[in-house]
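S.K.: with the input below, show me the fold.
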Amino acid sequence: MSEIRAEIVLPTRELRDDIPFYTGTLGMRMDMIYPADNPSVAVFSGHGLRVRIDREAEGEPGVIRLLTDDPDAFAEGQRELTAPNGTRVEIEQLNPPLVLPKTRHGFAVRRLKDQAPWVVGRAGMQYRDLIPDRLGGSIIASHIRIPDGGPVPDMVHFHKVGFQLIFCIAGWVDVVYEDQGGPIRLHRGDCFIQPPEIRHRVLEASDGIEVIEIGVPAEHVTEIDHEMTLPTPHHRPEREWDGQRFVHNVGGEASWYPHRLAGFVARDTTIAGNTKGVAGVQVLRRGEGASEWAEHDADIHFTFVMAGTMRLEAEDHDPTELTEGDAFVIPPGMRTRYANASDDIELLEVMLPGMSLRGDV
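M.R.: I've put the predicted structure just below:
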């Protein structure tokens with residue numbers, strides 16, 4: 001295969017002024033310059049970039065972003081420079097710390113029958129947003145489906161998140177994870193917690209696969225890892241990523257116990273323990289007794305109706321009849337009641353933090 005190189009072409013008026021800036025200030029290497037007697041073209045490379053400065057080029061001088069793990073040690077700590085040829089150079093943090101926006105609390109209901117739009121996202125998957133305002137950017141909850149099953153055109157990737165949950169509500173999907181052995185099949189009622197930056201790849205899915213994906217914060221970066229091959233040779237179930245462990249919780253193997261809400265029972269997914277309280281995830285079903293008014297003191301409370309029907313009653317709001325596919329968020333301190341729950345009701349409840357739970361009459 002023949003060698004191919006790519007260059008970004010930038011204009012200049014006087015090449016002699018550009019050379020010390022690109023080689024000295026930016027620390028790039030000059031690979032070519034011509035003609036010798038009156039240079040008008042020079043090529044510089046470095047930091048994963050190849051730039052051709054050409055006196056005959058037309059167009060805007062452009063912008064170069066340089067990412068470094070120590071911006072204060074680069075270019076004397078300056079965060080924005082202008083090259084002699086007019087190119088603006090922005091110096092940014094290579095791996096900036098994750099910023100979790102402050103939650104903008106509010107009560108919201110998203111009903112499936114209201115036809116929230118499905119959009120095509122990464123790897124051809126279809127997404128439906130379950131929290132319209134995303135609570136000020138603090139969380140995203142997505143209903144994801146793949147209508148036609150088979151191999152998924154995915155790549156090894158990871159997410160820069162504070163918390164991420166994948167809960168299967170229909171069909172099955174095969175995923176392979178870093179240091180967790182071979183492919184794992186997720187069935188209806190099962191869930192994964194994907195610790196921050198764990199490498200993984202979606203391999204194959206059944207027809208009609210549907211999952212609920214929770215991500216904190218709402219806007220987070222997905223990066224492709226072109227170097228790692230999955231599965232990895234080591235199986236390390238006790239490994240932690242940013243203090244969190246990978247979880248594959250199988251719904252059919254769980255035990256049920258009384259929930260904090262009267263009239264309901266729940267099964268725990270072990271996520272609260274494996275995230276050290278970052279988040280808690282439970283599945284609720286109808287139990288004995290009547291439902292009662294209650295409130296919570298968690299920062300984020302999200303619920304998705306996986307099956308059945310109920311009436312959501314909330315103080316200062318009209319009651320809302322809910323059915324399969326609906327979702328809602330309840331702010332801390334708001335009194336609510338899950339009334340008239342059908343015998344087949346099944347709710348997915350996600351709360352952050354995972355240990356900040358209480359029920360009040």
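S.K.: contacts, neighbours, all on C-alpha from now
M.R.: Fine.
S.K.: show me where pLDDT drops low in the protein?
M.R.: Counting by pLDDT under 70, the ranges of the chain that qualify are 115-116, 121-124, 355-361.
S.K.: residue ranges of each domain in it, please.
M.R.: For the chain, automatic domain parsing gives the domain ranges 8-93, 111-250, 253-352.
S.K.: name the residues that touch the lengthiest helix in the chain?
M.R.: Counting by DSSP state H, the longest helix found in the chain is helix 15-20. Helix 15-20 is contacted by residues Met30, Pro39, Ser40, Val41, Ala42, Ile53, Asp54, Arg55, Ala83, Pro84, Asn85 when judged by C-alpha atoms under 8 Å, 6 or more residues apart in numbering.
S.K.: so where do the helices sit in the stretch 101-250 of the chain?
M.R.: 134-137 (DSSP state H, counting those that start in this stretch).
S.K.: whoops, the stretch 251-361 of the chain was the one
M.R.: Applying DSSP H, counting those that start in this stretch to the stretch 251-361 of the chain gives helices spanning 271-274.
S.K.: do you have the strands of it handy? List them.
M.R.: 257-258, 264-268, 280-286, 300-307, 310-314, 320-322, 327-329, 336-339, 346-352 (DSSP state E, counting those that start in this stretch).
S.K.: pull the CA atoms of the longest one into CSV?
M.R.: It stands for strand 300-307. What follows is strand 300-307, C-alpha atoms only, in CSV (Å, rounded to 0.1, in the frame of the first residue of the first chain):
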residue,chain,number,x,y,z
ILE,A,300,-31.6,13.0,41.6
HIS,A,301,-34.6,10.6,41.5
PHE,A,302,-35.5,9.1,38.1
THR,A,303,-38.1,6.3,37.4
PHE,A,304,-39.0,4.5,34.2
VAL,A,305,-42.2,2.4,33.9
MET,A,306,-41.1,-1.0,32.5
ALA,A,307,-44.5,-2.7,32.8
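S.K.: hmm, back to that, so which of the contacts of helix 15-20 is the most crowded?
M.R.: Highest neighbour count within the contacts of helix 15-20, by other C-alpha atoms under 10 Å: Ile53, with 25 neighbours.
S.K.: can I assume that residue is in contact with Leu10?
M.R.: Yes - between Ile53 and Leu10 there is a contact under C-alpha atoms under 8 Å: 5.0 Å.
S.K.: between the domains of the chain, which gets nearest to Arg104?
M.R.: domain 111-250 (4.8 Å; C-alpha to C-alpha).
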